[in-house]
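**Student:** could you work out the structure for the sequence below:
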Amino acid sequence: MTALKAHEVARFLARPDLTEGIFLAYGPDGGLVRESAQRLIRYLSGDDPASANVTIFDGPELTADPSLLVLEARSVSLFGGKRIIRVRNATKALVMPLTDLRDDPGGTAIVLEADNLPPRDALRALVEAAKLGRALPCYPDSDETLVALMRESFNQAGIRVDQDVIPTLREILGNDREITRREIEKLVFYAAKSKTLTREDVLLLCADNGALAIDAILDATGGGHAEKLEMALNRALAANINPQQLLAMLTNHFANLRRWRTEVDGGKTPRAVLDGLKPKPHFSRVSALEQQLRLWSDSALALASDRLLQATSDSRRRPALAETVLRRTTLALCMLAAQH
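**Tutor:** A predicted model of the protein is given here:
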């Protein structure tokens, strides 16, 4: 009986101890399931992948006619080469035909891809109990495995990354291996000539540009940076973000600043206030928010909030002028912050 642990899968895929039998990649990380199946097939195909005889089935297709799997596995390859059968969306409906092949696969490698399977699932139990069977659990990456994957990928491509590239990319990406791979490949392609990557490159290529533009508007307005404000407004409006939505987010931002400023006036440092927030602001914004808490007094924030409420009211009464109202109001607040 061979039941691999999740942390053992990568080592197994680098050098599988079987070249025939039943291989089951399963788990909640669909991207990692597909990647594991692909890596295994590449290894089993040998030095000449073009000579391999790879047949692909979809689970429902075999569920309707399970005998197809046995027929395909037992048939003789007309052109020679390694016979590999790949089954996507495999389920326990395949247990009966796989039972016929479990002890005598005839040199064929059957690579199954499945969703997360409990220990008592019949398909998983069959593969784990088979002498010529290997089950490969594919669970979401941890911070450690994701960071290792990023570093390995960039090192292999000969790309030098700035110190904050890996943390920034980790903050942006989730735990789906396929998405992570796709984003890393995009960055490697982007840096193919320069061989360098910066945090700005990562934000430009991988982040939600609309969300970034909104954060830039909030921080440029609150921080008194007129040039950055102009650029951020142009980006957001070009992305068809509604001016009234931006006014609403600015109103909320200044309300938060006033609430946090109350804690600063009570004796806390700006950094201590920000460190205590739940959820915490994105690490890339902490310095900007700290600066804003130092710039604005409670009375100034109250005036700013009143001005934003008036601007919101004006934009609703005259929607055609919403962009003009937005630009005029943010610039006025920006100038006020710059005076402090």
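**Student:** all contacts plus neighbour counts: C-alpha atoms, from now on.
**Tutor:** Will do.
**Student:** other SSEs contacting the longest helix along the chain?
**Tutor:** For the chain, the helix reaching the highest residue count under DSSP state H is reported as helix 243-265. Here helix 243-265 touches helix 209-223, helix 270-275, helix 286-295, helix 298-317, helix 322-338, going by 3 or more Cα pairs under 8 Å, 6 or more residues apart in numbering; DSSP states H and E.
**Student:** pull the number of nearby residues for Leu44.
**Tutor:** By the criterion of other Cα atoms under 10 Å, Leu44 has 21 neighbours.
**Student:** give me the pLDDT value at the nearest residue to His253 once chain neighbours are set aside.
**Tutor:** Sequence neighbours aside, Leu218 is the residue nearest to His253 in space, at 6.9 Å (criterion: Cα to Cα, 6 or more residues apart in numbering). At Leu218 the predicted local confidence, pLDDT, stands at 94.
**Student:** surely Leu218 meets Thr251?
**Tutor:** No. Contact criterion Cα atoms under 8 Å: Leu218 and Thr251 do not qualify, at 9.6 Å.
**Student:** list phi and psi for Glu113.
**Tutor:** Recorded main-chain torsions at Glu113 are phi -120, psi 130, according to degrees, to the nearest 10.
**Student:** count of residues packed around it?
**Tutor:** With other Cα under 10 Å as criterion, Glu113 counts 24.
**Student:** related to what we said a few turns ago, if you count what's nearby, which of Leu218 and Thr251 comes out ahead?
**Tutor:** Counted by other Cα under 10 Å, Leu218 and Thr251 do not tie: Leu218 has more neighbours, with 25 against 21.
**Student:** for that one, give me its contacts.
**Tutor:** For Leu218, the contact set (Cα atoms under 8 Å, 6 or more residues apart in numbering) comprises 249-250, 253.
**Student:** and the helix or strand hosting Val111, what other elements does it pack with?
**Tutor:** Under the criterion of DSSP states H and E, Val111 resides in strand 109-114. Identification of packing neighbours for strand 109-114 by 3+ Cα pairs under 8 Å, 6+ apart yields strand 21-26, helix 30-45, strand 83-88.
**Student:** 10 Å instead, please
**Tutor:** strand 21-26, helix 30-45, strand 53-58, helix 59-64, helix 67-74, strand 83-88, helix 122-129, strand 133-137 (3 or more Cα pairs under 10 Å, 6 or more residues apart in numbering; DSSP states H and E).
**Student:** determine which stretch of those is the most buried.
**Tutor:** strand 133-137 (a mean of 27; mean count of other Cα atoms under 10 Å).
**Student:** residues in contact with the next helix or strand after that one?
**Tutor:** On the C-terminal side of strand 133-137, the closest following helix or strand by DSSP H and E is helix 143-156. With contact meaning Cα atoms under 10 Å, 6 or more residues apart in numbering, helix 143-156 is reached by 7, 140-142, 157-161, 165-167, 169-171, 173-177, 180-181, 183-185, 187-188, 191, 195-197.
**Student:** rewinding a little: quick one: which of the contacts of Leu218 has the most company?
**Tutor:** Leu250 (25 neighbours).
**Student:** would you confirm that that residue contacts Ala216?
**Tutor:** No. The criterion here is Cα atoms under 10 Å, and Leu250 misses it with Ala216 at 11.1 Å.
**Student:** what's the overlap in contacts for those two?
**Tutor:** In contact with both Leu250 and Ala216: Gly222, using Cα under 10 Å, 6+ apart.
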